[in-house]
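# Give me a model of this one.
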Amino acid sequence: MKRVTVIRGGISSERDVSLKSGENVIKALRQKDYRVSDLIANDDLENIIQLLRSQKPNVVFNALHGRFGEDGAIQGVLEWLNIPYTHSRICASAMGMNKVVTRTLLAESGLPVAKGKVVSFDKFLECDPFAVPYVVKPIEEGSSVGVHLVQSKSPKERQEQRQHILNNWHYGDKILVEEFIPGKELTVCVCNDEALTVTEIASKNHIFYDYEAKYKTGESKHTLPAKIHPNAFEQALNYAVSAHNILGCSPVSRTDFRYDDQNEKENKPGKLYILEVNTHPGMTETSLLPEQAAFRGTTYPYLCSWLVENAKCRT
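Numbering: from 1, shown residues only. Below is the predicted model:
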(Lines give C-alpha, C1' and ligand atoms only; values in the text may rest on other atoms or scores of the structure.)
Protein backbone atom coordinates (compact mmCIF):
# COMPACT_ATOMS: atom_id res chain seq x y z
CA MET A 1 0.00 0.00 0.00
CA LYS A 2 1.42 3.38 -1.05
CA ARG A 3 2.14 5.75 1.85
CA VAL A 4 1.06 9.34 1.23
CA THR A 5 1.73 12.32 3.48
CA VAL A 6 -0.65 15.23 2.93
CA ILE A 7 1.12 18.44 3.91
CA ARG A 8 -1.21 21.33 4.65
CA GLY A 9 -1.48 24.53 6.68
CA GLY A 10 1.76 26.43 6.24
CA ILE A 11 2.59 30.01 7.16
CA SER A 12 1.07 32.00 4.29
CA SER A 13 -2.06 34.14 4.31
CA GLU A 14 -3.84 31.15 2.75
CA ARG A 15 -3.30 28.80 5.69
CA ASP A 16 -7.02 28.30 6.36
CA VAL A 17 -7.69 27.45 2.71
CA SER A 18 -4.82 24.98 2.76
CA LEU A 19 -6.16 23.27 5.87
CA LYS A 20 -9.55 22.79 4.18
CA SER A 21 -8.00 21.55 0.94
CA GLY A 22 -5.81 19.09 2.81
CA GLU A 23 -8.69 17.78 4.90
CA ASN A 24 -10.66 17.02 1.74
CA VAL A 25 -7.67 15.34 0.12
CA ILE A 26 -7.02 13.12 3.15
CA LYS A 27 -10.60 11.82 3.11
CA ALA A 28 -10.49 11.22 -0.63
CA LEU A 29 -7.18 9.34 -0.59
CA ARG A 30 -8.33 7.13 2.26
CA GLN A 31 -11.36 6.24 0.16
CA LYS A 32 -8.89 5.10 -2.51
CA ASP A 33 -7.12 2.89 0.07
CA TYR A 34 -3.90 4.85 0.40
CA ARG A 35 -2.12 4.84 3.75
CA VAL A 36 -2.39 8.55 4.55
CA SER A 37 -0.50 10.63 7.13
CA ASP A 38 -1.48 14.19 7.99
CA LEU A 39 1.27 16.80 8.34
CA ILE A 40 0.12 20.26 9.43
CA ALA A 41 3.04 22.54 8.63
CA ASN A 42 4.04 25.55 10.71
CA ASP A 43 7.10 27.83 10.73
CA ASP A 44 9.43 25.12 12.07
CA LEU A 45 11.11 23.69 8.99
CA GLU A 46 13.28 21.33 11.03
CA ASN A 47 10.15 19.79 12.54
CA ILE A 48 8.58 19.39 9.08
CA ILE A 49 11.66 17.53 7.87
CA GLN A 50 11.70 15.31 10.96
CA LEU A 51 8.03 14.43 10.48
CA LEU A 52 8.58 13.61 6.82
CA ARG A 53 11.47 11.32 7.70
CA SER A 54 9.47 9.59 10.42
CA GLN A 55 6.38 9.13 8.23
CA LYS A 56 8.49 7.80 5.33
CA PRO A 57 5.99 8.63 2.59
CA ASN A 58 6.29 7.28 -0.93
CA VAL A 59 4.62 10.50 -2.09
CA VAL A 60 3.83 13.88 -0.56
CA PHE A 61 0.53 15.43 -1.59
CA ASN A 62 1.26 19.13 -1.44
CA ALA A 63 -1.92 20.81 -0.20
CA LEU A 64 -0.11 23.98 0.88
CA HIS A 65 -1.17 27.28 -0.67
CA GLY A 66 0.48 30.65 -1.07
CA ARG A 67 4.06 31.59 -0.32
CA PHE A 68 6.39 28.79 0.80
CA GLY A 69 3.80 26.26 -0.40
CA GLU A 70 3.41 26.84 -4.11
CA ASP A 71 6.32 29.14 -4.91
CA GLY A 72 9.09 26.52 -5.14
CA ALA A 73 10.08 26.61 -1.45
CA ILE A 74 8.55 23.37 -0.16
CA GLN A 75 9.24 21.83 -3.55
CA GLY A 76 12.96 22.46 -2.98
CA VAL A 77 12.81 20.76 0.42
CA LEU A 78 11.12 17.71 -1.06
CA GLU A 79 13.61 17.57 -3.93
CA TRP A 80 16.44 17.67 -1.36
CA LEU A 81 14.82 14.80 0.54
CA ASN A 82 14.17 12.92 -2.72
CA ILE A 83 10.47 12.48 -2.00
CA PRO A 84 8.12 12.58 -5.02
CA TYR A 85 5.43 15.25 -4.67
CA THR A 86 2.32 16.39 -6.45
CA HIS A 87 1.92 19.43 -8.70
CA SER A 88 4.58 21.48 -10.47
CA ARG A 89 8.33 21.41 -9.91
CA ILE A 90 10.47 24.18 -8.42
CA CYS A 91 10.95 26.41 -11.45
CA ALA A 92 7.35 26.35 -12.70
CA SER A 93 6.08 26.94 -9.16
CA ALA A 94 8.36 29.93 -8.62
CA MET A 95 7.52 31.50 -11.98
CA GLY A 96 3.78 30.92 -11.62
CA MET A 97 3.70 32.50 -8.17
CA ASN A 98 5.42 35.66 -9.41
CA LYS A 99 2.84 37.63 -11.38
CA VAL A 100 5.45 39.88 -12.98
CA VAL A 101 7.50 36.95 -14.28
CA THR A 102 4.34 35.23 -15.51
CA ARG A 103 3.15 38.37 -17.30
CA THR A 104 6.52 38.81 -18.97
CA LEU A 105 6.79 35.22 -20.18
CA LEU A 106 3.23 35.12 -21.50
CA ALA A 107 3.46 38.48 -23.24
CA GLU A 108 6.77 37.56 -24.89
CA SER A 109 5.09 34.41 -26.20
CA GLY A 110 2.28 36.42 -27.75
CA LEU A 111 -0.43 35.71 -25.20
CA PRO A 112 -2.69 38.60 -24.12
CA VAL A 113 -2.21 40.21 -20.70
CA ALA A 114 -3.66 43.43 -19.32
CA LYS A 115 -1.51 46.56 -19.35
CA GLY A 116 0.40 46.74 -16.11
CA LYS A 117 3.52 47.91 -14.32
CA VAL A 118 5.37 47.62 -11.04
CA VAL A 119 5.49 50.77 -8.92
CA SER A 120 7.19 51.80 -5.70
CA PHE A 121 5.29 52.92 -2.62
CA ASP A 122 6.36 56.55 -3.17
CA LYS A 123 5.18 56.60 -6.79
CA PHE A 124 1.91 54.88 -5.90
CA LEU A 125 1.17 57.38 -3.14
CA GLU A 126 2.13 60.31 -5.33
CA CYS A 127 -0.39 59.69 -8.12
CA ASP A 128 -2.62 57.14 -9.85
CA PRO A 129 -0.46 54.82 -12.00
CA PHE A 130 -3.33 54.38 -14.49
CA ALA A 131 -6.60 56.03 -15.34
CA VAL A 132 -9.34 54.59 -13.17
CA PRO A 133 -10.47 51.93 -12.79
CA TYR A 134 -7.30 49.95 -12.11
CA VAL A 135 -6.33 46.96 -9.97
CA VAL A 136 -3.62 46.79 -7.29
CA LYS A 137 -2.01 43.39 -6.63
CA PRO A 138 0.81 41.86 -4.60
CA ILE A 139 3.48 40.40 -6.87
CA GLU A 140 3.62 37.09 -5.01
CA GLU A 141 0.34 36.11 -3.37
CA GLY A 142 -2.51 33.82 -4.38
CA SER A 143 -6.29 33.59 -3.88
CA SER A 144 -6.70 37.32 -4.61
CA VAL A 145 -5.12 38.14 -1.24
CA GLY A 146 -4.24 41.84 -1.09
CA VAL A 147 -6.03 42.72 -4.35
CA HIS A 148 -7.80 46.10 -4.50
CA LEU A 149 -9.87 47.87 -7.14
CA VAL A 150 -9.42 51.65 -7.36
CA GLN A 151 -12.34 53.24 -9.21
CA SER A 152 -13.52 56.41 -7.47
CA LYS A 153 -13.90 59.48 -9.68
CA SER A 154 -12.84 61.69 -6.78
CA PRO A 155 -9.07 62.41 -6.68
CA LYS A 156 -9.30 62.94 -2.92
CA GLU A 157 -11.02 59.57 -2.37
CA ARG A 158 -8.47 57.81 -4.57
CA GLN A 159 -5.63 59.40 -2.60
CA GLU A 160 -7.20 58.20 0.63
CA GLN A 161 -7.67 54.70 -0.79
CA ARG A 162 -4.05 54.53 -1.95
CA GLN A 163 -2.91 55.58 1.52
CA HIS A 164 -5.20 52.97 3.12
CA ILE A 165 -3.80 50.26 0.83
CA LEU A 166 -0.22 51.14 1.79
CA ASN A 167 -1.08 51.31 5.50
CA ASN A 168 -2.26 47.69 5.33
CA TRP A 169 0.29 46.35 2.84
CA HIS A 170 2.25 43.26 3.95
CA TYR A 171 3.35 41.92 0.59
CA GLY A 172 6.79 43.30 -0.20
CA ASP A 173 8.10 46.72 -1.14
CA LYS A 174 6.68 46.87 -4.68
CA ILE A 175 3.15 46.90 -6.09
CA LEU A 176 1.79 45.47 -9.32
CA VAL A 177 -0.82 47.70 -10.93
CA GLU A 178 -2.95 46.61 -13.90
CA GLU A 179 -5.71 48.21 -15.91
CA PHE A 180 -9.15 46.89 -14.98
CA ILE A 181 -10.74 44.85 -17.75
CA PRO A 182 -14.54 45.06 -17.79
CA GLY A 183 -16.58 41.99 -18.60
CA LYS A 184 -16.63 38.41 -17.37
CA GLU A 185 -14.36 36.35 -15.16
CA LEU A 186 -13.36 33.05 -16.80
CA THR A 187 -11.07 30.18 -15.86
CA VAL A 188 -9.70 27.09 -17.58
CA CYS A 189 -8.09 24.10 -15.87
CA VAL A 190 -5.51 21.98 -17.68
CA CYS A 191 -4.65 18.36 -16.93
CA ASN A 192 -1.72 16.82 -18.80
CA ASP A 193 -1.83 19.37 -21.62
CA GLU A 194 -5.60 19.05 -22.07
CA ALA A 195 -7.92 21.93 -21.23
CA LEU A 196 -11.03 20.66 -19.42
CA THR A 197 -13.58 23.39 -20.11
CA VAL A 198 -14.23 27.11 -19.58
CA THR A 199 -16.00 28.22 -16.41
CA GLU A 200 -17.63 31.63 -16.02
CA ILE A 201 -17.52 32.96 -12.46
CA ALA A 202 -20.17 35.43 -11.38
CA SER A 203 -19.38 36.85 -7.95
CA LYS A 204 -22.32 37.82 -5.75
CA ASN A 205 -21.90 41.42 -4.55
CA HIS A 206 -18.25 41.38 -5.68
CA ILE A 207 -16.84 43.36 -8.61
CA PHE A 208 -14.15 40.73 -9.10
CA TYR A 209 -13.47 37.19 -7.88
CA ASP A 210 -11.91 38.09 -4.53
CA TYR A 211 -10.91 35.91 -1.57
CA GLU A 212 -14.38 35.84 -0.01
CA ALA A 213 -16.06 35.05 -3.33
CA LYS A 214 -13.63 32.17 -3.87
CA TYR A 215 -13.97 30.42 -0.56
CA LYS A 216 -17.26 31.42 1.07
CA THR A 217 -20.14 29.18 0.07
CA GLY A 218 -22.78 31.00 -1.95
CA GLU A 219 -20.65 34.05 -2.77
CA SER A 220 -20.09 33.05 -6.39
CA LYS A 221 -21.87 31.16 -9.15
CA HIS A 222 -19.96 28.94 -11.57
CA THR A 223 -21.37 28.31 -15.03
CA LEU A 224 -19.72 25.54 -17.02
CA PRO A 225 -19.36 25.40 -19.84
CA ALA A 226 -19.31 29.19 -20.02
CA LYS A 227 -21.92 30.72 -22.32
CA ILE A 228 -19.59 32.81 -24.45
CA HIS A 229 -18.90 33.09 -28.18
CA PRO A 230 -17.63 29.69 -29.45
CA ASN A 231 -14.52 31.25 -30.98
CA ALA A 232 -13.62 32.89 -27.66
CA PHE A 233 -14.34 29.61 -25.85
CA GLU A 234 -11.89 27.72 -28.06
CA GLN A 235 -9.34 30.50 -27.77
CA ALA A 236 -9.50 30.38 -23.97
CA LEU A 237 -8.83 26.61 -24.04
CA ASN A 238 -5.84 27.11 -26.33
CA TYR A 239 -4.42 30.02 -24.32
CA ALA A 240 -4.64 27.98 -21.11
CA VAL A 241 -2.73 25.04 -22.63
CA SER A 242 -0.11 27.43 -24.02
CA ALA A 243 0.32 29.15 -20.64
CA HIS A 244 0.57 25.74 -18.93
CA ASN A 245 3.38 24.73 -21.28
CA ILE A 246 5.20 28.07 -21.26
CA LEU A 247 5.61 27.90 -17.48
CA GLY A 248 6.31 24.16 -17.52
CA CYS A 249 3.38 23.25 -15.26
CA SER A 250 2.81 19.61 -14.37
CA PRO A 251 0.40 17.89 -14.34
CA VAL A 252 -2.30 20.51 -13.60
CA SER A 253 -2.75 24.25 -13.77
CA ARG A 254 -5.53 26.82 -13.88
CA THR A 255 -5.44 29.96 -16.01
CA ASP A 256 -7.69 32.86 -15.03
CA PHE A 257 -9.01 35.36 -17.55
CA ARG A 258 -10.98 38.56 -17.84
CA TYR A 259 -13.18 38.57 -20.92
CA ASP A 260 -14.26 41.87 -22.45
CA ASP A 261 -17.49 40.72 -24.07
CA GLN A 262 -18.67 43.98 -25.62
CA ASN A 263 -18.30 42.59 -29.16
CA GLU A 264 -20.73 39.79 -28.37
CA LYS A 265 -23.55 42.31 -28.81
CA GLU A 266 -22.67 42.12 -32.51
CA ASN A 267 -22.29 38.33 -32.38
CA LYS A 268 -18.50 38.62 -32.49
CA PRO A 269 -15.99 37.12 -30.04
CA GLY A 270 -14.77 39.40 -27.28
CA LYS A 271 -11.17 39.87 -26.14
CA LEU A 272 -9.48 37.66 -23.57
CA TYR A 273 -6.82 38.81 -21.11
CA ILE A 274 -4.84 36.38 -18.94
CA LEU A 275 -4.76 37.46 -15.29
CA GLU A 276 -2.57 34.70 -13.84
CA VAL A 277 -1.59 31.06 -14.04
CA ASN A 278 -2.14 28.99 -10.90
CA THR A 279 0.27 26.05 -10.78
CA HIS A 280 -1.46 24.74 -7.66
CA PRO A 281 -5.25 24.93 -8.07
CA GLY A 282 -7.31 24.73 -4.91
CA MET A 283 -8.96 21.52 -3.73
CA THR A 284 -11.72 22.83 -1.42
CA GLU A 285 -15.41 22.06 -1.90
CA THR A 286 -15.83 25.29 -3.91
CA SER A 287 -12.64 24.94 -5.96
CA LEU A 288 -12.64 25.09 -9.73
CA LEU A 289 -10.35 22.18 -10.65
CA PRO A 290 -12.46 19.50 -8.89
CA GLU A 291 -15.56 21.09 -10.40
CA GLN A 292 -14.21 21.02 -13.96
CA ALA A 293 -12.87 17.50 -13.46
CA ALA A 294 -16.33 16.37 -12.29
CA PHE A 295 -17.84 18.01 -15.37
CA ARG A 296 -15.56 15.80 -17.45
CA GLY A 297 -16.58 12.71 -15.47
CA THR A 298 -13.70 12.51 -12.99
CA THR A 299 -14.60 12.08 -9.32
CA TYR A 300 -12.80 13.97 -6.57
CA PRO A 301 -11.18 10.82 -5.08
CA TYR A 302 -9.98 9.76 -8.50
CA LEU A 303 -8.53 13.23 -9.17
CA CYS A 304 -6.58 13.08 -5.89
CA SER A 305 -5.36 9.58 -6.69
CA TRP A 306 -4.34 10.65 -10.20
CA LEU A 307 -2.26 13.50 -8.75
CA VAL A 308 -0.55 11.05 -6.39
CA GLU A 309 0.22 8.62 -9.21
CA ASN A 310 1.69 11.46 -11.28
CA ALA A 311 3.94 12.71 -8.46
CA LYS A 312 7.57 13.31 -9.44
CA CYS A 313 10.90 14.31 -7.97
CA ARG A 314 14.30 15.35 -9.35
CA THR A 315 13.11 15.48 -12.95
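# In the protein, what helix or strand scores lowest on average pLDDT?
One helix or strand of the chain scores below all others by mean pLDDT, DSSP states H and E: helix 211-215, with a mean of 49.
# Check which element follows that helix along the chain.
Where DSSP states H and E defines the elements, the next helix or strand beyond helix 211-215 is strand 220-223.
# Quickly run through the sheet partners of that following strand, with directions.
Looking at strand 220-223 with DSSP bridges, its partner strands are strand 194-203 (antiparallel).
# Which positions within the partner strand qualify as buried?
Residues Ala195, Leu196, Thr197, Val198, Thr199, Glu200, Ile201, Ser203 are the ones in strand 194-203 that count as buried (16 or more other CB atoms under 10 Å). Every residue, glycine included, has its C-beta placed from N, CA and C.
# residues making contact with that strand?
184-190, 209-210, 213, 219-228, 233, 236-238, 240-241, 288, 291-293, 295-296 (CB atoms under 8 Å, 6 or more residues apart in numbering).
# next one: stretch 82-92
52, 57-62, 70, 72, 74-76, 78-79, 93, 96, 247-253, 279-280, 307-308, 310-315.
# Filter these down to just the ones in helices.
Judged by DSSP state H, the contacts of stretch 82-92 include Leu52, Ile74, Gln75, Gly76, Leu78, Glu79, Ser93, Gly96, Leu247, Leu307, Val308 as members of helices.
# quick one: contacts for the nearest residue to Val17 once chain neighbours are set aside?
Nearest non-adjacent residue to Val17, counting by CB to CB, 6 or more residues apart in numbering: His65, 5.3 Å away. By CB under 8 Å, 6+ apart, His65 lies in contact with Gly10, Ser12, Glu14, Arg15, Val17, Ser18, Ser21, Gly142, Ser143, His280, Gly282.
# Backbone dihedrals for the closest residue to the fourth one other than its chain neighbours, both of them.
Spatially, and ignoring its direct neighbours in sequence, Arg15 is nearest to Gly9 (5.6 Å; CB to CB, 6+ apart). With angles defined as degrees, to the nearest 10, Gly9 shows backbone torsions of phi 90, psi -100.
# Quickly note the distance from Gly9 to Ser21.
Distance, Gly9 to Ser21, using CB to CB, to the nearest Å: 10 Å.
# So these two - more neighbours on which side?
Ser21 (26 against 21; other CB atoms under 10 Å).
# Tell me if I'm right that that one and Gly10 touch.
No: under the criterion of CB atoms under 8 Å, Ser21 is not in contact with Gly10, lying 10.7 Å apart.
# center of this structure, which residue is that?
Asn278 (3.3 Å; CA atoms, centre = their mean).
# mind checking pLDDT for that one?
We have a pLDDT of 95 for Asn278.
# what about it, distance to Asp256?
Taking CB to CB, one finds Asn278 at 7 Å from Asp256.
# Same question for Pro269.
To Asp256, Pro269 is 18 Å away according to CB to CB.
# neighbour-wise, which of the two wins?
When neighbours are counted by other CB under 10 Å, Pro269 and Asp256 differ, and Asp256 comes out ahead with 21 against 18.
# Let's verify that one: helix, strand, or coil?
strand (DSSP: H, G, I helix; E, B strand; the rest coil).
# Quick check: nearest residue in space to Arg103, chain neighbours excluded?
For Arg103, the spatially nearest residue (CB to CB, 6+ apart) is Val113, at 5.0 Å.
# who does that neighbour bridge with?
Bridge pairing for Val113 - DSSP bridges - gives Ile274.
# I'd say it and Leu105 touch.
No: counting by CB under 8 Å, Val113 stays clear of Leu105, with 9.8 Å between them.
# just for the stretch 51-200 of the chain, where's the confidence low?
Scanning the stretch 51-200 of the chain with the threshold set as pLDDT under 70 gives 142-143.
# for stretch 136-145, the distance to its chain's centre please.
10 Å (CA atoms, centre = their mean, to the nearest Å).
# for stretch 197-204, same thing?
Worked out by CA atoms, centre = their mean, stretch 197-204 lies 15 Å from the chain centre.
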